[in-house]
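J.: Need the 3D shape of this:
(4 chains)
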Amino acid sequence: MTGKPYRLAEGGSRIDRAKRVTFSFDGRDIQGFAGDTVASAVLASGQKVFGRSYKYHRPRGVMGLGSEEMNALVGVGADAKREPNLRANQVEIYQGMVSESQNRWPSLTFDIGGINNKLSRFFPGGFYYKTFMWPKAFWKHVYEPVIRKAAGLGKAATGRDPDNYEHMHIHADVLVAGGGLAGILAAEAAAKAGAKVVLMDENPVLGGIADLTAGMINGACVADWLAPKIAELKAMPNVHVLVRTTVVGHYHHNFLMAAERVADHDPSLLAAGAPRHRLWKIRASHVIMATGALERPIAFANNDRPNVMLASAVRALVGRYGVSPGTNGVVFTNNDDAYLTAFALKKAGVNVQVVDSRARPDGELVARAQEEGIAVSLSSVISAVEGTLAVKAVKIAAYRKGQGRVITEKRVECDFIASSGGWNPVLHIWAHNAGKIKFDDGLQSFRPDTHNAAMTAVGAANGTMSVEATIAEAQAAGEAAAKSVLKKAKAVKAEKLEVKEPRRAALESLWFAPATGAYNEGNKHFIDFQNDVTAADLELAQREGYESVEHTKRYTTYGMATDQGKTSNINGLGVLSEATGKTIPQIGTTTFRPPYTPYSFGAIAGSLTRELFLPVRRTAVYQWHIDKGATWEPVGQWRRAYTYSGAGETKHQSITREILAVRNKVGLLDASTLGKIEIKGPDAAEFLDRMYTNTFSTLKVGKCRYGLMANELGFLTDDGVTVRLAEDHFLMHTTSGGADRIAAWLEEWLQTEWTHYKVFVTPVTEQWSQFGLAGPKARDVLAKLAPDFDVSNEAFPHMSFKVGKLGGFPVRVFRISFSGEQSYEIATPAGYGLSLWKAFLEAGAEFGIEPYGTEALHVLRAEKGYIVIGDETDGTTTAEDVGMGGMVSKKKADFIGKRSMEQAELKRAGRKQLVGLLTEDPNEVLPDGAYAVAEVKDKPPMKMIGQVTSTYMSPTLGRSIAMALIENGRARMGETISFPLEGGKVVRAKITDTVFYDKDGGRINA
Amino acid sequence: MLLVTCPVCNATGDETDFHFGGQAHVARPATANPEGITDEQQRDYLFARINPKGLHFERVRCDRGCGKWFHAARDTMTMEFKAFYGITELPPDDVIAQAKGGWAEYFAMRKKKQK
Amino acid sequence: MLEPQFEPALAGRAEPANTYITLREISTRGMIDLRGHTSDRKFMAAAKEVLGVDLPKAPRTSHGFGDVKVLWLSPDQWLVICARDKAPELAAALSKALAGIHSLAVDVSDMRAILRLEGEGAREVMMKSTSLDFSDEDFAPGYVRRVRFAEIAALFNIVEDNVIDVYVFRSYAHYAMDFLTKAARKGSEVGLFKKG
Amino acid sequence: MQKPRYSVFSIARNAMNYHKDWERAWRSPNPKAEYDAVIVGAGGHGLATAYYLAKNHKMTNIAVVEKGWLGGGNTGRNTTIIRSNYLQDPSIAIYELARSLYEDLSQELNYNIMFSPRGVLMLCQTQHELRAFQRTAHANRLAGLDCRMVSPAEVKEIVPIINDDPNCRYPILGAYYQPRGGTGRHDAVAWGYARGADDMGVDIIQNCEVIGIQRDGGKVVGLETTRGVIKTKKVGVVTAGHVTTVMDMAGVRMPIESQCLQALVSEPIKPVIDCVVMANTVHGYMSQSDKGELVIGGGTDPYNNYSQRGSFPALEHTINALIETFPIISRLRMLRQWGGIVDMTGDRSPIIGKTPVDGLFVNCGWGTGGFKAIPGSGWVFADTIANDRPHPIAEAFSMDRFTEGRFIDESVAAAVAH
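T.: Numbering: from 1, shown residues only, chains lettered A, B, ... in the order given. This is a model prediction of the structure:
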């Protein structure tokens, strides 16, 4: 089909007829002009159908002017770049763009789902709650899959999004949402008063619908008068203007979100490095809402046919894109505004007549229509639409307000309809955060009332429809906003304006146009087009008792489509009002939820994806671990080396090798992630006695002590070795995962409970690289590194500490062990970490030193029966439970968790207690977390008596070992208990104590 | 995204720069006297919360800033902050005057103690 | 074999290219975490004696004296910046001078990495990274603040109008540099309040 | 007063008449002067309680009073996940009772609540999380639940859009799978119970706010409401996030804090995921509704909050996590976000049972996980009210567990690693 006659010979303020742009729609090449949208270009090509509706799969075309569009949703881009459900009238075309219609199969014009329409009589609102219940299994396997396939509109991308996104924070004295007449003037006034102003508008160009508005300012039409103001505003140093940027949400304390579509209209920007979308996080001292108004459709029979459009949308097609939906149009209205569309069409040489539901509209525009010779049928409505894939004709019926049936009607041929039921102020960001709204009889719609936040509404968003009033209101609001924010605002002198605009007749609400045939029967008066909700559905919901408007909404899904009820909300309330006899305010409205229009998850995530998703913390040896083939164990945000598997080595093999190296020679562990906290002050010792379950005030300077920490519930939360550096100075070690938590925990108690303590707490975890040197040869390695550093057992016994120099390295050395071997931990400033690590390996080479990872560490400590907080404990485990009751001070009057340890349940006999387990078959390794039962039965349920907490094949002992928390375990030494596993297998194990290796500790002290 | 002001360092910032620490003015019985604390007292200390719909008093830490704990008085419906005050302090009298229910009782009790 | 080799947090990492501001690690500075009470005259005096400069009392400010700079962190905490090789002795000197005064001075020169943002867009990049308003007049050279930076804790110091040092814990240095490199990517300029 | 049954035939019959003759799903009665019992709160839990009081205990002279519209609280705001694979025995008992009742609820209520056992996958993304879920798996198997661990390969089979890159930030090491877990239609659960209870004579009184609880000594004798005084000797309070407000009227201080839980949906798209996926390490979970919307749960705001407003920080992390877990969603868009007021107890487990006041019963503390429990919760609470003693399953959830230290802590499954 050629572009003619839809592309008019001239006109089109947004398009550049010199620049042709080719893109594809459903695989067909379409030629448009630079500045076209998918909607304008496709319509210009003669195609009217853009998609299929949600439930009945009825053919649908473009209906709206902008973000209220509910029918013409298209997918743009292919594969990993496909973005579904975009509004065709907002998508700017570019050379090579790929777009497609949605929700149709196999094709737009022939859609199998269309059968739903034939059967629609059997699918009233909420029908699915009443059926699909038998047989039971069919819901999941038959009915639901069909429903899911039929629903759902567009298709998602098929791969990882290749584009970038980012966030930007901005603080404004005044944020102006909306760049139409009202927004521009409010921003100008605020800026001239000296405020820092940010203005955002969702469209590619500012001006809103000034170009579709009647009236003259100082002799120029509104748009022309506004143009220089826009340029001036953009040039002001204290103003930042953003287009293609939608203010999507308003949150507490004037925090707002805006989604900027940076590169959707021009992919070359992506190649140049631009993000596809940028999410703005705005903190505004004052918000001016100049979001305008949206025209609402009229509910008449088959008002969803392709080429039934809003009057404003038709006006914009003609004026902005030089496109007419057809050659022969009918304007259907209950207000004066739509007459402007008739004039625009006539001027463009399109045949047009007007159908006006009002009896005696006395406005100047109506009069002008008659002067211009445009046929106007008053007291009339459209009672039927003929044509399925496009409008072919309408029936025009005589009408009196309140009349439910059609008496007389005449048939008129036409190929498009422009309808207007009035205008609804865009209240979303006003209402997002509990702003009050009130019903306006003149508008027959809601408008802003009061708001807790510093926010003002101006222009159409405030229900102010006249140009003159809007100008005054906007300028006053802008200046007032600046004054309220600034200490000293400059005075703004008002310019003299002469405004002329037509006197308008009042709008008469028309919520439902009577149709051919008995009331409602067989006709579809659509209220929510995308979700296929009709006036009849809303009335049905009422009849069935879903009376609250929220019930009606949820039962019929009215207002829940991707347009979130922008055009359906008020019309639905109107229908409900007439059905129930309640006024619209009595019925109330549903809650406005962010966002105003949908925006991408990519924008929400910003740049925090891929390598920036959750930081990785690296020790100084990180890269070395990688080069050595380490696999990782994440601990908090750290990555710790799990094991170093060499070429052709399985993890199990390398772990075994590492363990034996420590037992027989010497191993090296990167323990830098351990938490390190310096604690100093005259009350430091007493403070530690409060924090730990055991006592530290008795610790000698230069000595180390292992400590247990509980929370106020009495359960274990952390453990580690603390050293007394001086009388008033301690260095605490925490678990790697606990480092930040415990530092904050100590601070909290100091600041909020024991405020009189003179104690400073300074976390120093990251200052130090810390390495574990463990094994019978550990001392030899140290001695070789630093002959002058006395590491003899006498000078440096187990649980002692030394500070000094190891060769050139400033170090802190702790003789502590988590492996049961002779063992040292050596800390050096992180900058030297890597070279000290290498130095150890070099010095240790002759002793067979090997680096070992966290898994070997865990096996080594399990062989010794050492607990790991988080394995042997799970947040409900006490010191007593794990057999460390001896470390809970009886002497101390108080410490964190003491009182709760006396609660009945924590002292209860028969609690689970930590024990060791030896399986009957030494080669059988119990699975992690396996449960023992009181009695094995042939099928569940079985009474469980406890679970495995750690379980390994011990290379040292050549057999499996495990630890478990078992009811009353310590009283059951020697007892054999059963662990029923999957598939009926039962593993039996003997209860032992938890120390499997070197019970007398000879090796540690060697 | 709440806008919070730390009364210690006077920094104002997004809620994400702060850490919220739950109900304010919860006394830890063991600190005063570890002896003879009943299970009920311990339960109330650990779990019983005032949780009002309206004016509430809570603990906040200037987590990313000066690191200090402080108190905030906030309406849990409107999210409006009525006051920020020191961690060892009581709220300003005009704010105490707005307290209702459990909080009104609490502050009355505190006032009595002071006398 | 025993000669310590100092390795900065970003050792071996190429400076980012294709960014609209310059980003690099500053590895020549030493740092001392100093604790004590602003209200403690003895402490303040002793600290000044060693550092040659008053500890800043006003939140979010810094004082400089020669090569030494003191950043305010909290009413009882400061970060002393000096030449890296001077840090150990300066820390020792502080501890000595502060003996008997309730205080804590720790050499933490290796605890943080300093990333320097330099150029026209430095403030804009910080506004992509934090929730603060770097166009506010308070944010002048000398300004210091701890803040949530991307997903992590950071400390920044405005050195000159278009030069900002960001201090992050060493283990996060790569993450922070990755984030900055992306935020400052050429083509992603915002040009806030910039005309023409 | 048996209502005509819903069926494909009743729809056909009504279609002939353009659906003008459908009966009301429930009446809109005025409160009587006195009832044998009154349930406060017409959410899922409250309506289910009333339903089972009438059905199982033949107490039909009862009412449910509701401040707003029925099902308008968390029942209509949650992410509709149904599962029972908890770790602690009491939790397993009540959630599995609920899940098994869900299996037949559509037929039981003659109202399609669209229970869809599409399976719930809980991802294991660290060695520690893997061990924790292995423990849960053993416990659940021995308790008789139909659950199992699945391999990364199986995960990919069940959810083809999942990111299975072994080098990503938190690679998937496996998952814990409950094949008979899934989702239901949240509004329908409330509506179905309401219609069923109404059918047995229960008065459901909407727009009726309780403003006082009348006591005679230690006993409940009635309720003061915005629609007058209602005499009754038994009151069941089931008001979730607003439980403190109501219990304060009886002078009972609750171990509850009310917070705002964030949730959102994407625009509707063609089916991409046919099960529920929960990724606890990175804090995100997602499923797809029958309308095609991706249903996503965020975290709770970190402070007490009654505002029911969507906020942003809690969502941001969830979306980052889900984009890493399901890379294809990056170009999909958020359609709608909202908040629900959840009642959090000290151990994050519910409270069901008697209170210090005779005749006053409470059922609350479901926090972020209440929807999945509705049928079981109503079942045991009804039994508790009818017999004036805790149902065996409810015993463990009594309020005095906080006095005794008898916590039911489910966070255990994700305890802190080393």
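J.: Just confirm A:Glu748 contacts B:Gly22, I think it does.
T.: No - look at A:Glu748 against B:Gly22 with Cβ atoms under 8 Å: they stay out of range, at 11.1 Å. The way it works is simple: take the backbone N, C-alpha and C, and place the C-beta from them, glycine included.
J.: near chain A, which residues of chain B?
T.: Proximity of chain B to chain A, by Cβ under 8 Å from any Cβ of the partner chain, involves residues B:1-3, B:14, B:19, B:21, B:28-31, B:34-35, B:37, B:39, B:42, B:46, B:59, B:61, B:67-69, B:78-80, B:87-88.
J.: what stretches of chain B score poorly on pLDDT?
T.: Along chain B, the model assigns pLDDT under 70 to no residue.
J.: same deal with chain D?
T.: Scanning chain D with the threshold set as pLDDT under 70 gives D:1, D:412-418.
J.: ok, longest helix in the chain?
T.: As the question left the chain open, I've gone with chain A. What stands out as the longest helix in chain A, according to DSSP state H, is helix A:467-485.
J.: To clarify, I was referring to chain B.
T.: Counting residues, the longest helix in chain B under DSSP H turns out to be helix B:101-114.
J.: who's in contact with residue 108?
T.: With no chain named, the answer covers chain A. Contacts here follow Cβ atoms under 8 Å, 6 or more residues apart in numbering or on different chains; on that basis A:Leu108 touches A:26, A:49-52, A:59, A:101.
J.: that's the wrong chain, I meant chain C
T.: A:764, A:767, C:31-33, C:79.
J.: taking those residues one by one, which sit in strands?
T.: C:31-33, C:79 (DSSP state E).
J.: could these go into a markdown table alongside distance to A:Gly808 and neighbour count?
T.: Listed next are these as a markdown table, based on distance: Cβ to Cβ, whole Å; neighbours: other Cβ atoms under 10 Å in any protein chain shown:
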| residue | distance to A:Gly808 | neighbour count |
| --- | --- | --- |
| C:Met31 | 21 | 24 |
| C:Ile32 | 21 | 25 |
| C:Asp33 | 24 | 24 |
| C:Leu79 | 27 | 22 |
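J.: Helix, strand, or coil at the residue of chain A most remote from its centre?
T.: No residue in chain A sits farther from the centre than A:Glu794, which is 61.0 Å out by Cα atoms, centre = their mean. Assigned by DSSP: H, G, I helix; E, B strand; the rest coil, the conformation of A:Glu794 is coil.
J.: what's the pLDDT at it?
T.: At A:Glu794, the pLDDT value in this model is 93.
J.: what number of residues lie near residue 192?
T.: Chain wasn't specified; assuming chain A. Neighbour count for A:Lys192, taken as other Cβ atoms under 10 Å in any protein chain shown: 23.
J.: meant chain C actually
T.: Residues lying near C:Leu192 (other Cβ under 10 Å) number 15.
J.: For it, pull up the helix or strand it's in.
T.: Under the criterion DSSP states H and E, no helix or strand holds C:Leu192.
J.: Wait, it touches C:Lys128, no?
T.: No - the criterion here is Cβ under 8 Å, and C:Leu192 misses it with C:Lys128 at 10.3 Å.
J.: what pLDDT does the closest residue to chain B within the stretch 1-150 of chain A get?
T.: Across the stretch 1-150 of chain A, no residue is closer to chain B than A:Ser67, which sits at 24.2 Å (Cβ to the nearest Cβ). Here, the pLDDT recorded for A:Ser67 equals 95.
J.: Give me the neighbour count for the nearest residue in space to it that is not next to it in sequence.
T.: Leaving out its chain neighbours, the residue that sits closest to A:Ser67 by Cβ to Cβ, 6 or more residues apart in numbering or on different chains is A:Thr597, at 4.8 Å. Using other Cβ under 10 Å, A:Thr597 has 22 other residues around it.
J.: helix, strand or coil for A:Thr597?
T.: coil.
J.: That one and A:Asp788, how far apart?
T.: To A:Asp788, A:Thr597 is 73 Å away according to Cβ to Cβ, to the nearest Å.
J.: go on, D:His186?
T.: Distance of D:His186 to A:Asp788, given as Cβ to Cβ: 73 Å.
J.: Which parts of chain C are helices?
T.: Under DSSP H, chain C gives helices at C:41-51, C:87-97, C:122-129, C:173-183.
J.: give me the number of residues near A:Leu573?
T.: Neighbouring residues of A:Leu573 were enumerated by other Cβ under 10 Å; the total is 30.
J.: Spatially, what comes nearest to it if we skip its sequence neighbours?
T.: Leaving aside its chain neighbours, A:Leu573 sits nearest to A:Ile584 (4.8 Å; criterion: Cβ to Cβ, 6+ apart).
J.: Can you name the helix or strand that B:Ile37 falls in?
T.: Applying DSSP H and E, one finds B:Ile37 in no helix or strand.
J.: just D:Gly297 next, same as before
T.: Here D:Gly297 is assigned to strand D:294-304, by DSSP H and E.
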